[in-house]
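Please find the sequence and the predicted model below.
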Amino acid sequence: MDELVISEDRAKGIRRLLLVTLGFAVVLVLLGILLATGDYGRYGAIVLVIAALLGSAAGLSLRMLRSRSAGARKASIVTGVMLVVLSIPLIPIWIGLLTVVTGIGLLVVILAPEREDP
């Protein structure tokens, strides 16, 4: 079996997690704007950069997954790793805990072995 091919059931789970990631990116943009206009300008800028990175990675992965591109699996793995790593600076605003769980979930869904039909 070619490892680059993603089954339909697995693609559905990956697609849902990527949509959740896009939702987190939108929330991070709103939080980043609130922080940047308040007393936490530098941290707000960091949150906005993280939102842009996560949103663009998730959007690219979602587009590649929908077109069944050969690199969709790799792009989704990179997105999952980015979610885990970029969650560290987000821990003080608690959304970092949610994004790291989403990143780990995305990696588990992608890297877990396929179930064989009996």
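That came through, no problem. Residues are numbered from 1 along each chain as shown.

got any ranges where the chain has weak pLDDT?
Along the chain, segments meeting pLDDT under 70 span 1-4, 117-118.

And the helices in it?
All helices of the chain, identified by DSSP state H, fall at 8-37, 41-66, 72-86, 95-111.

Just send the ones you listed back as TSV, with mean neighbour count too.
Placement of C-beta: from N, CA and C, glycine included. Putting these into TSV (neighbours: other Cβ atoms under 10 Å) gives the following:
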stretch	mean neighbour count
helix 8-37	17
helix 41-66	18
helix 72-86	20
helix 95-111	18
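
Skipping its backbone neighbours, what lies nearest Ile50 in space?
Distances taken as Cβ to Cβ, 6 or more residues apart in numbering put Leu86 closest to Ile50, at 4.9 Å, once the chain neighbours are dropped.

so what's that neighbour up against?
Neighbouring residues of Leu86 by Cβ atoms under 8 Å, 6 or more residues apart in numbering: 50, 53-54, 99.
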